[in-house]
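K.L.:
Need a 3D model of the following:
(chains A and B)
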Amino acid sequence: MYPCMKLKHLEQRLQDISMFDKPKIVLEQYVTPSHLGSHMLYTIQSQYGDIEGKLVADLGSGCGALSIGAAVLNASLVTGFEIDEDAIEIFQENCQDHELTNIEVIQCDVLKDIPSRFNKAFDTVLMNPPFGTKNNAGTDMKFLDTALRLSNNVVYSLHKTSTRSFILKHTESLGVKAEVLAELHYDLPSTYKFHKKKSVDIEVDFYKFSV
Amino acid sequence: MKLLTHNMLTSKCMKGVSVGYPLAINALDVRVSEVDFNPEFIARMIPKLDWNVLYGAAESIGQLKDLPRDIIENFESNEDFLKKVHHVLMEVDIINGDLICPETGRKFPINNGIPNMLLNEDEV
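P.N.:
So this is what the prediction gives:
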């Protein structure tokens, strides 16, 4: 066990985070719910000590739920990579509200614009990637490949449970150790008009990848 | 944008750029904000840095203070040195300005502390 803030305090901090004003379907923008985000981060720090004092990256950082949580848990520096400037604006407001100075954001396309000088630069890479359900199948795998390239130690990520065998096979072929830490129910509120039900419950796996 | 981030950023993803490093800095607005000092973290970062680039970047924006020209011996145990590095690396923030590709002169704007490294379709 590693030192960590109490789970309920972390969750309270994450509940204050503002969300997307107008989520964009093409970027598959969903907010990481505070309950889910705080449990992920609590596990990463309390079980593995992979946040405090670490250089952390958050790929597709959106409004910053995971980044802010990692900064609150005393990452030395968290760098968010995000393409969308509207999301970045909200991210920044959230950082200011939380009075955090150990956070950076770089506006770029995670899949195209992260140069090789960043390879193995980060101790820990976090992400809640687009699952690739709407017209962008495989996006989460492209995010994963980028994350594995940027990390010198571990990647923590969420992927749909339905893709588990594919992910395990893919990472095994890369010589990466993959562990499913938990199966989670991701309760996606109906963010978009095409969602017919009030919320969609999807099953996701919470992974730890050791490079 | 902190100088630690600047130490890693390149414009290498651009078409026709072979190294794209280091990016020149045109700083219009620089802010210094306090960040918790973690000596182990700084000591761990130092071997990964391009020291000349860090020194040059700090000098170009007038934030050198008394950072030594070279990494000193036994830096891991020299708290005074680690604090100087911490300050330059973590506490100096470029709020507004540009990063400039050394090969093409392409400017990457920094607004509100955020470097915009997005490339247009015809640049990749």
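
K.L.:
What residues does chain A have near chain B?
P.N.:
Proximity of chain A to chain B (Cβ under 8 Å from any Cβ of the partner chain) is limited to residues A:53-55, A:74, A:76-77, A:79, A:83, A:85, A:88, A:92, A:101-102, A:104-109, A:112-118, A:121. Heads up, the C-betas are built off the backbone N, CA and C, glycines and all.

K.L.:
For these, which ChimeraX command selects only the ones that are buried?
P.N.:
Burial among the residues of chain A next to chain B is assessed by 16 or more other Cβ atoms under 10 Å in any protein chain shown; the matching ChimeraX selection reads:
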select /A:53,54,55,74,76,77,79,83,88,92,101,102,104,105,106,107,108,113,114,115,117,118,121
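
K.L.:
could I get stretch A:169-185 in PDB with only the CA atoms?
P.N.:
Backbone C-alpha positions of stretch A:169-185 (Å, rounded to 0.1, in the frame of the first residue of the first chain) are rendered in PDB as follows:
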ATOM      1  CA  LYS A 169      -3.600 -10.600 -28.000                       C
ATOM      2  CA  HIS A 170      -2.400  -7.300 -29.300                       C
ATOM      3  CA  THR A 171      -0.400  -6.300 -26.200                       C
ATOM      4  CA  GLU A 172       1.100  -9.800 -25.900                       C
ATOM      5  CA  SER A 173       2.400  -9.500 -29.400                       C
ATOM      6  CA  LEU A 174       4.100  -6.200 -28.300                       C
ATOM      7  CA  GLY A 175       5.600  -7.900 -25.300                       C
ATOM      8  CA  VAL A 176       3.500  -5.800 -23.000                       C
ATOM      9  CA  LYS A 177       2.100  -7.200 -19.800                       C
ATOM     10  CA  ALA A 178      -1.600  -6.500 -19.500                       C
ATOM     11  CA  GLU A 179      -3.700  -7.000 -16.400                       C
ATOM     12  CA  VAL A 180      -7.500  -6.400 -16.100                       C
ATOM     13  CA  LEU A 181      -7.700  -4.700 -12.700                       C
ATOM     14  CA  ALA A 182     -11.500  -4.400 -12.600                       C
ATOM     15  CA  GLU A 183     -14.600  -4.800 -14.700                       C
ATOM     16  CA  LEU A 184     -16.700  -1.700 -14.500                       C
ATOM     17  CA  HIS A 185     -20.100  -0.500 -15.500                       C
END
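
K.L.:
Quick one: mean pLDDT over that stretch.
P.N.:
This predicted structure assigns stretch A:169-185 an average pLDDT of 95.

K.L.:
Spatially, which residue comes closest to the spatially most central residue of chain A, not counting chain neighbours?
P.N.:
Geometric centre of chain A, nearest residue: A:Met127, 2.3 Å, by Cα atoms, centre = their mean. Distance criterion Cβ to Cβ, 6 or more residues apart in numbering or on different chains; nearest residue to A:Met127, sequence neighbours excluded, is A:Leu59 at 4.2 Å.

K.L.:
what's the answer for B:Ser33, then?
P.N.:
Take B:Ser33 and drop its neighbours on the chain: the residue closest to it by Cβ to Cβ, 6+ apart is A:Thr101, 4.8 Å away.

K.L.:
And the strands in chain A?
P.N.:
Taking DSSP state E as the test, the strands found in chain A are A:55-59, A:77-82, A:103-107, A:122-127, A:151-160, A:177-189, A:199-210.

K.L.:
To A:Met1, which of the ones you listed lies closest?
P.N.:
Checking the strands of chain A against A:Met1 by Cβ to Cβ gives strand A:177-189 as the closest, at 15.3 Å.

K.L.:
helices or strands up against that closest one?
P.N.:
The contact analysis (3 or more Cβ pairs under 8 Å, 6 or more residues apart in numbering or on different chains; DSSP states H and E) places strand A:177-189 against helix A:34-48, helix A:164-173, strand A:199-210.

K.L.:
Just the C-alphas of the first one, formatted as PDB.
P.N.:
As requested, C-alpha coordinates have been extracted for helix A:34-48 and formatted as PDB (Å, rounded to 0.1, in the frame of the first residue of the first chain):
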ATOM      1  CA  SER A  34     -16.200  11.300 -10.800                       C
ATOM      2  CA  HIS A  35     -17.100   8.000  -9.200                       C
ATOM      3  CA  LEU A  36     -15.200   6.000 -11.900                       C
ATOM      4  CA  GLY A  37     -12.300   8.400 -12.200                       C
ATOM      5  CA  SER A  38     -11.700   8.600  -8.400                       C
ATOM      6  CA  HIS A  39     -11.800   4.800  -8.100                       C
ATOM      7  CA  MET A  40      -9.300   4.400 -10.900                       C
ATOM      8  CA  LEU A  41      -6.900   7.000  -9.600                       C
ATOM      9  CA  TYR A  42      -7.200   5.800  -6.000                       C
ATOM     10  CA  THR A  43      -6.300   2.300  -7.100                       C
ATOM     11  CA  ILE A  44      -3.400   3.500  -9.200                       C
ATOM     12  CA  GLN A  45      -1.900   5.500  -6.300                       C
ATOM     13  CA  SER A  46      -2.800   3.400  -3.300                       C
ATOM     14  CA  GLN A  47      -2.100   0.000  -4.800                       C
ATOM     15  CA  TYR A  48       0.800   0.800  -7.100                       C
END
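
K.L.:
For that helix, list every residue counted as buried.
P.N.:
Result for helix A:34-48 [16+ other Cβ under 10 Å]: buried residues A:34, A:36-46, A:48.
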